[in-house]
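S.K.: When you get a sec, could you give me coordinates for this:
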Amino acid sequence: MSRPAHVAAFLIALTLPMTLPGCLAEVEDPDRGLTITGTVTYRGNPVKMATIHFLPTVAGGLSASGTIADGVIKDVYTRVQGDGIKAGKYRVTIVAYDEEYLKSVAKRDYNGADPEEVNRAFANLEQTIPPRYHNSRASGLVAEFHPGRTDLRIDLVD
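M.R.: Got it, this is the predicted structure:
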């Protein structure tokens, strides 16, 4: 081999170990959470604003939470924004919000909220979706995720 060929082979040998681990990590990272997609409807209409919570069905599992905006599930995370959800089976709760509730939250300060306004806001919450969906045991909602299954469709009923 000529001198330039030796140098080229040497440089390739040096850079190969640096590029392979990154490629392999992108293919399969067991610690990385799954990105969930999906929709939530009630009476055939998209749930406008809500939070969704995933509670593991096995001891030691990690719970996860996300948001629902105009019926679309977004930003599901376990510990920090963007880390996704771990594969597994979960009980699901959904808490929907209406405009009045959000307005009452915006008015709160370090002294807390006006109790009458909170009562009005919570009364309206029960009209957005049935209250049983706020409780993981009463909701009856269960979801299971794994690398081949990350889409969730929930149709809430009365």
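S.K.: Where do the strands of this structure begin and end?
M.R.: Assignment of strands within the chain using DSSP state E yields the ranges 37-42, 45-46, 49-56, 64-69, 72-77, 88-97, 142-145, 151-156.
S.K.: how about those strands in TSV, adding mean pLDDT, mean neighbour count and distance to residue 114?
M.R.: For the C-beta atoms, the positions are set from N, CA and C on the backbone; glycine is no exception. Compiled in TSV, the strands of the chain are given as follows (pLDDT from 0 to 100; neighbours: other Cβ atoms under 10 Å; distance: least, Cβ to Cβ, whole Å):
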stretch	mean pLDDT	mean neighbour count	distance to residue 114
strand 37-42	96	18	28
strand 45-46	94	11	31
strand 49-56	95	20	21
strand 64-69	95	18	26
strand 72-77	95	18	30
strand 88-97	94	19	18
strand 142-145	97	16	37
strand 151-156	97	15	30
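S.K.: Domains in the protein, by residue range?
M.R.: Per the record's domain assignment (automatic domain parsing), the chain is made up of the domains 1-29, 31-156.
S.K.: Tell me who's in contact with the residue nearest the centre of the chain.
M.R.: Among the residues of the chain, residue 76 comes closest to the average C-alpha position under Cα atoms, centre = their mean, at 1.4 Å. With contacts defined as Cβ atoms under 8 Å, 6 or more residues apart in numbering, the neighbours of residue 76 are 35-36, 52, 54, 64-66, 84-85.
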